[in-house]
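# got a predicted structure here, sequence first:
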Amino acid sequence: MQTPEDVPTAGEMPMLGLGTWENTDHAQCRQSVRQALEMGYRHIDTAQIYRNERAVGEGIETASVSREDIFLATKIWITNLDGDTVVESTEESLARLGTDYVDLLYVHWPAGEYDPAETLAAFERLHDRGAVDRVGVSNFEPDHVDRATETLGVPVFTNQVEIHPFLQQRQLRTHAEETGVELVAYSPLARGAVLSDQTLGAIAEKHGASEAQVALAWLREHGITAIPKATSETHIRDNWESLSLSLDERDVERIDAIDRQSRQVHPEFAPEAWG
Ligand SMILES: NC(=O)c1ccc[n+]([C@@H]2O[C@H](COP(=O)([O-])OP(=O)(O)OC[C@H]3O[C@@H](n4cnc5c(N)ncnc54)[C@H](OP(=O)(O)O)[C@@H]3O)[C@@H](O)[C@H]2O)c1
């Protein structure tokens with residue numbers, strides 16, 4: 001049985017969190033957040049565009065875990081990234097989440113109203129007044145990260161990007177190691193695609209684990225935080241129990257050798273470098 005203390009951390013960020021994209025049924029979302037917290041999760045990931053911040057807040061409120069023990073992250077949507085709207089919409093997010101601060105606030109995409117100087121100055125103001133503990137970015141290419149680092153008066157704590165065995169992001173990982181920016185893997189289960197992969201299946205069978213657990217353990221071996229989205233208690237628990245799975249060197253090498261560029265999330269406003 002894992003406890004919250006068993007979860008490795010990056011800075012103070014627990015390296016396993018609960019994702020909530022498309023967990024839009026209010027009661028279901030509230031329940032999954034509460035169940036995850038009561039199981040031991042201490043990192044919850046949401047976003048303005050997921051339209052579930054109120055349900056996430058209620059899940060936190062109804063769980064028997066103190067707010068200060070939870071690492072809560074949300075993201076500012078691309079239409080809210082001009083300076084004034086960053087501040088106003090963050091205040092609205094905080095009200096929906098039922099809290100007066102978030103542990104991490106992300107720029108969701110370098111797109112829409114994103115303007116490095118103006119957007120990041122607003123993030124810095126929110127940081128200085130204590131509404132935001134850390135500033136993160138998401139879907140940033142290395143050059144976007146460098147520009148943000150030069151512009152922002154506080155460190156860029158994280159870059160949240162799609163990473164899983166079928167999109168291993170080697171270049172971004174090297175850049176993150178060099179710059180000290182933590183990586184958070186979104187879609188760590190490739191939105192379900194890892195479940196039917198033969199290599200992961202063989203490793204899972206060898207350890208008496210699930211394919212999802214193998215994908216999450218592989219990310220952990222590489223020092224990458226993962227935020228799998230799970231709605232049912234069974235999936236929430238299966239992912240939690242990935243913490244007790246240790247892959248050996250050979251397992252990691254076999255997954256490292258998977259050579260695919262299979263991106264799951266690619267909206268039309270994605271960075272040009274994605275093609
Ligand atoms: N920053 C961004 O632009 C961005 C983009 C995408 C995602 N994200 C974040 O990353 C989170 C995770 O990514 P994602 O939602 O795209 O995909 P994901 O976590 O890779 O996969 C979620 C899917 O896997 C299923 N699942 C979860 N655990 C499972 C298990 N143990 N066994 C079998 N199936 C399992 C879920 O089913 P159930 O729901 O039925 O449990 C759901 O269908 C999101 O929820 C969001 O918080 C951020």
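Thanks, I have the structure now.

# near the ligand, which residues of the stretch 151-275 of the chain are found?
Within the stretch 151-275 of the chain, the residues that sit near the ligand (Cβ under 6 Å from any ligand atom) are 160, 186-192, 195, 210, 212, 227-232, 235, 238-239, 265. Using the backbone N, CA and C atoms, a C-beta is placed for each residue, glycine as well.

# inside helices: which ones of the residues you listed?
Under the assignment DSSP state H, these contribute 212, 235, 238-239 to helices.

# from the contact counts, what lies against the strand or helix carrying Gln171?
Taking DSSP states H and E as the criterion, Gln171 maps to helix 170-179. Counting contacts by 3 or more Cβ pairs under 8 Å, 6 or more residues apart in numbering; DSSP states H and E, helix 170-179 is packed against helix 142-151, strand 156-162, strand 182-186.

# what lies in contact with it?
Helix 170-179 is contacted by residues 141-142, 145-146, 149, 159, 161, 163, 181-183, 222, 224 when judged by Cβ atoms under 8 Å, 6 or more residues apart in numbering.

# which among the residues you listed count as buried?
Buried members of these, scored by 16 or more other Cβ atoms under 10 Å, are 141-142, 145, 159, 161, 163, 181-183, 224.

# between those, which is nearest the ligand?
Taking Cβ to the nearest ligand atom as the measure, Val161 is the one of those closest to the ligand, at 7.4 Å.

# can you verify my assumption that that closest one contacts Ala185?
Yes: shown here, Val161 and Ala185 form a contact pair, counting by Cβ atoms under 8 Å, at 7.2 Å.

# format the buried ones among the contacts of helix 170-179 as CSV; extra columns: pLDDT.
CSV is the format used below for those (pLDDT from 0 to 100):
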residue, pLDDT
Glu141, 98
Pro142, 97
Val145, 98
Asn159, 98
Val161, 98
Ile163, 98
Val181, 98
Glu182, 98
Leu183, 98
Ile224, 98
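
# follow-up on the earlier one: now list the buried members of the ones in helices among the residues of the stretch 151-275 of the chain next to the ligand.
Using 16+ other Cβ under 10 Å, the buried ones in these are 212, 235, 238-239.

# what's the closest of the residues you listed to Gly83?
Set against Gly83, the nearest of these by Cβ to Cβ is Asn239 (37.3 Å).

# for the closest one, give me the pLDDT.
pLDDT for Asn239: 98.

# residues touching it, list them.
16, 212-213, 216, 228, 230.

# identify the residues contacting the residue in the stretch 1-150 of the chain positioned nearest to the ligand.
Closest approach between the stretch 1-150 of the chain and the ligand, counting by Cβ to the nearest ligand atom: Gly19, at 2.4 Å. Gly19 makes contact with 45, 186, 227-230, according to Cβ under 8 Å, 6+ apart.

# in strands, which of those residues fall?
Mapping these onto strands (DSSP state E) picks out 45, 186.

# could the contacts of Gly19 go into CSV alongside pLDDT and neighbour count?
Output for the contacts of Gly19, formatted as CSV (pLDDT from 0 to 100; neighbours: other Cβ atoms under 10 Å):
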residue, pLDDT, neighbour count
Asp45, 99, 25
Tyr186, 98, 22
Ile227, 99, 24
Pro228, 99, 27
Lys229, 98, 23
Ala230, 98, 22
